[in-house]
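>>> Starting from these lines, generate the structure:
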Amino acid sequence: MSHPTRSGNEKDDNVIDDNFAAKEKLVVDTIRCLSMDGVQKANSGHPGTPMAMAPVAYTIWSKFLKFDPQAPIWPNRDRFVLSMGHASMLIYSTLHLAGVKEVSNDYHTGDRESVSIEDLKTFRQLHSRCAGHPEYHWTSGIETTTGPLGNGLATSVGMAIASKWLGATYNKPGFEMFNFNTYALAGDGCFQEGVQAEAASLAGHLQLDNLCWIWDNNHISIEGNTDWSFTEDVATRFVAYGWNITRVTDANDLPKLQHAFKVAQRESNRPTLIVVDSHIAWGAPNKQDTHGAHGAPLGDAEIAACKKFYGLPEDKTFYVADGVYDHFRGQMEANGGTARKEWEATFAKYKAEFPDLATQIDLMNSRKMPEGWEASLPTYPADEKGMASRISNGKIMQFVAEACPYFLGGSADLAPSTKTRLTDAKYGDFMPPSTGWGDWSGRNFHFGIREHAMGAIMNGMCLSKLRSFGSGFFVFSDYMKPVIRLSAIMEIPVTWIFTHDSIGVGEDGPTHQPIEHLAMVRSIPGLVTFRPGDANENVEAWKWIMNAEHTPSVLVLSRQNLPTLDREKYAAASGTLKGGYILKCAAPDGNPDVILIASGSEVQLITGAYDILVEKGIKPRIVSMPSFNLFEQQSDEYKESVLPRKIRARVGVEFAGDFGWGKYLGLDGKFIGMQTFGESAPLARLLEKFDFTPERVAAGAEEVIASLK
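Prediction:
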């Protein structure tokens, strides 16, 4: 890896003491037994992989991982990712034996252990800290939520990138504040998923020598032997990606494992893949090397036989022998504890030498923005022609980047179209310095045409406390649904930017024209989606996005121009922060004849319809709804003030399907939108074909009013 001076614990480098070797074996076998017992008590889970990989987990944690259980979120800790999340009892047992402390939502480290022995006994039960798959922010010591195979590997690339960027940005002569390494443990399933291939390709291209993946090569999946479906030469594939490859032919050979990790540490311009040949359910007399040990409890008799084989009491469950805690925790203290204390002492000196940079680090690690940052954001004057929201968004992002030094991201090869490049030359491009195209401090990222991996990498960067963004065409959010969903589950403030949001894409046709996608992103719990109606709503959306500490956001933006509304004529754009607000109402008494609701580019249709209806003596109210999700978070009183229940005449307008609109339109309302996929044609022709005009909206309003008389 990139820091060869960070060698393993010297005391452990030459295991010539039989007593020491016995202690190591005892820790490894205890991890195995706790994992078996947890799965058996839950009557659910995956025991075989923890039994096979316990020596690997022990070797990483005890000898190489710069991680302090007493301060599990110190900024320069090494990261460990269990990509094969179904083997979660492996990480829970390890966290328990290491004595990792629990961290609160306000980043305070308390006295309670993150995973107690009682927690292990409640594996996979309601509210347990030991959920079926590892969950970030639910259990301290878990660096990322894993479960969907391959995503943990891809997320680890984002963590390795973050380490490179942080080091290049904040390290100074004599002050190496960031140089952490990332380890990810994965199984056959992870290496079959496409997202790992995307991420591995990019990691090799970026020469991420601070990244180490470990492949549990046990040849077993749920259906049986992996030879039924997976016979490619994985190692050769990774050589082609530009990785360093090493192999350990026996997962139980601790000295060989240690040697492999030292090889990884000595690598200076390539990520490392360690292939570890293992036996699933090692030690189980009847289920070793069978798929029966993959996803089901072993049974009491098989577990007793395993414990006998390991030399541990057959009749005891959740048993930790004397000396296990002291041995393992002593190793963690000598390695990670010492490193953390040295880092804190260095950071205290760094604060005195570089106070502004230290303040940035503190703000970043508490997910805060610099004080008063919003004052720099622009206000756009009324403009009938206006600009596409992708254009206004790109302009606004330049102000955000200036205000937030740790705001960075890129696109899936679409920045010229999505307009998300940070344009000032000082922001540069994130590239290995040897390429001549950029350096590790660049804030513009080139993910290539790898949408799924881009999203996972964005999550990994954000988990490392950077404010990451990524962009693409909205229709390709289909490729990214798993990682967008994971950002919401983890409650991390990633910014997902999608342009070309509707049939407004025009000539590219139905493959590129999103129809059902708004419903998809709006439906994800804990995710806030914005579809701004003009440039000033876009500004307000960014205020909310960057001030959010635990909520990911989606920006859905147009290709075509949107008029910039005259805020002397219409309500202030600050209403965006409520999710939905009254733009204008022709009924002074608050009892309009009809309510017209729209988001994004369709706001101009309801403003046009408003004027038509007023000329006919009808009193409409028009409501801009840039964020369904935020609107739903408002008080009942506010929502009633915008959409009074007694006003049943309502029309919703959106260049999308109607899914999700029913709650706002009711049984009597009318939706004007898309009922089919789009077509390939210039936008003007599509608007004619699908009849998206102010006149049609006004006519729809009259129809609804008439139907209720």
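
>>> Mind jotting down where the helices sit in the stretch 1-150 of the chain?
With DSSP state H, counting those that start in this stretch as the criterion, the stretch 1-150 of the chain has helices at 18-42, 48-59, 88-98, 117-121.

>>> For those helices, give me JSON lines that also has distance to residue 695.
Yep, even glycine has a C-beta here, placed from its N, CA and C like the rest. Formatted as JSON lines, those follow (distance: least, CB to CB, whole Å):
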{"stretch": "helix 18-42", "distance to residue 695": "62"}
{"stretch": "helix 48-59", "distance to residue 695": "63"}
{"stretch": "helix 88-98", "distance to residue 695": "58"}
{"stretch": "helix 117-121", "distance to residue 695": "63"}
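
>>> To residue 382, which of those helices lies closest?
Closest approach to residue 382 among those is made by helix 88-98 (55.4 Å; CB to CB).

>>> Just want the angle from that closest one to helix 18-42.
If you take axes from the mean of the first three to the mean of the last three CA atoms, to 10 degrees, helix 88-98 sits at 130 degrees to helix 18-42.

>>> quick one: helix 88-98 to chain centroid distance?
23 Å (CA atoms, centre = their mean, to the nearest Å).

>>> where exactly do the helices run in the stretch 151-300 of the chain?
151-170, 194-205, 234-241, 254-266, 300-310.

>>> on contacts alone, who are the packing partners of the longest one?
This points to helix 151-170. Using 3 or more CB pairs under 8 Å, 6 or more residues apart in numbering; DSSP states H and E as the contact criterion, the elements in contact with helix 151-170 are strand 79-82, strand 182-187, helix 194-205, strand 211-217, helix 355-365, helix 451-463, helix 481-490.

>>> Can you add mean neighbour count and mean pLDDT and give the ones you listed back as a markdown table?
Shown next, in a markdown table, are the helices and strands packed on helix 151-170 (neighbours: other CB atoms under 10 Å; pLDDT from 0 to 100):
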| stretch | mean neighbour count | mean pLDDT |
| --- | --- | --- |
| strand 79-82 | 26 | 98 |
| strand 182-187 | 28 | 98 |
| helix 194-205 | 23 | 98 |
| strand 211-217 | 27 | 98 |
| helix 355-365 | 16 | 98 |
| helix 451-463 | 29 | 98 |
| helix 481-490 | 21 | 98 |
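
>>> Report the residue spans of this protein with pLDDT below the cut-off.
2-17 (pLDDT under 70).

>>> So for it, which residue is the most central one in space?
With distances taken as CA atoms, centre = their mean, residue 459 lies nearest the centre of the chain, 2.9 Å away.

>>> which residues sit in contact with that one?
144, 155, 158, 468, 483, 486, 487, 490, 492, 494 (CB atoms under 8 Å, 6 or more residues apart in numbering).

>>> run the last query once more with 7 Å
Shown in contact with residue 459 (CB atoms under 7 Å, 6 or more residues apart in numbering): 144, 155, 158, 483, 486, 487, 492, 494.

>>> Confirm for me that the fifth one is in contact with residue 147.
No - using CB atoms under 7 Å, residue 486 is not in contact with residue 147, being 8.5 Å away.
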